[in-house]
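J.: Just a sequence and a predicted model for now, questions to come.
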Amino acid sequence: MGHARFDAMTAVAGGAGVPVQRVDCTLSTDSPAPAVAAWRDPDRRPEAVYAYNDEFALVLIQALRDAGLDVPRDIAVAGSDNLPLGAALRPQLTTTYLDLPAAAAVARTMERLLQGEDLDPGPAAVARSRLVIRESARRTHRRAPHGEGQAIPPTGPPAHRDGPR
């Protein structure tokens, strides 16, 4: 996971009292195998995994399935970028993304800054990330918590279900 994204996620998780474990891997189903093997033990399994992006999340879901684990019953998975493939596969991938119209507003705000104009609204007011909740993080039956890796409650704007890309 990129350092800035990982640091931000760790800060949010730490504020909620949620432990974070970084697992570095490449974009292949073999790469996360050591972590997935450890997660077959329910006492070592996190409640959820937030992958660097949707591609890594989809690779992880396949590795979890290959190990006999069910997503989201055994472990929830979320990615980032809201790629269309995440909605097409099963389970559909829960994802976060940066609202692109808001990103364009950030670019216009930065242009105004460079031209010496006022910064109203500022970049923080227009750049908003979104959460799209799909099957990979929905549970009809949640396993009992065991003190490790509890899910992080969403913060910021409300979550969208199968929202726009």
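T.: Nice, I can see it.
J.: Going along the chain, name the strands of the protein.
T.: Using DSSP state E, the strands of the chain run over 48-50, 76-80, 94-98, 129-132.
J.: Next one: the residue nearest to residue 45 when sequence neighbours are not counted relative to residue 110, how far apart?
T.: Excluding its sequence neighbours, the residue lying closest to residue 45 (C-beta to C-beta, 6 or more residues apart in numbering) is residue 39, at 4.2 Å. Any C-beta I mention is one placed from the backbone N, CA and C, and that applies to glycine too. Relative to residue 110, residue 39 is positioned 42 Å away (C-beta to C-beta, to the nearest Å).
J.: So for those two, which sits in the more crowded spot?
T.: residue 39 (21 against 12; other C-beta atoms under 10 Å).
J.: okay, the more buried one: pLDDT?
T.: pLDDT for residue 39: 96.
J.: Same check on residue 119?
T.: Looking at residue 119, its pLDDT is 66.
J.: May I ask you to name the longest helix in the chain?
T.: Criterion DSSP state H: the longest helix present in the chain is helix 100-114.
J.: Pull the number of nearby residues for residue 17.
T.: Around residue 17 there are 8 residues (other C-beta under 10 Å).
J.: ugh, wrong one, I meant residue 32
T.: Residue 32: 23 neighbours (other C-beta under 10 Å).
J.: Distance check, it against residue 44.
T.: 14 Å.
J.: Over to residue 11?
T.: Separation of residue 11 from residue 44 (C-beta to C-beta): 24 Å.
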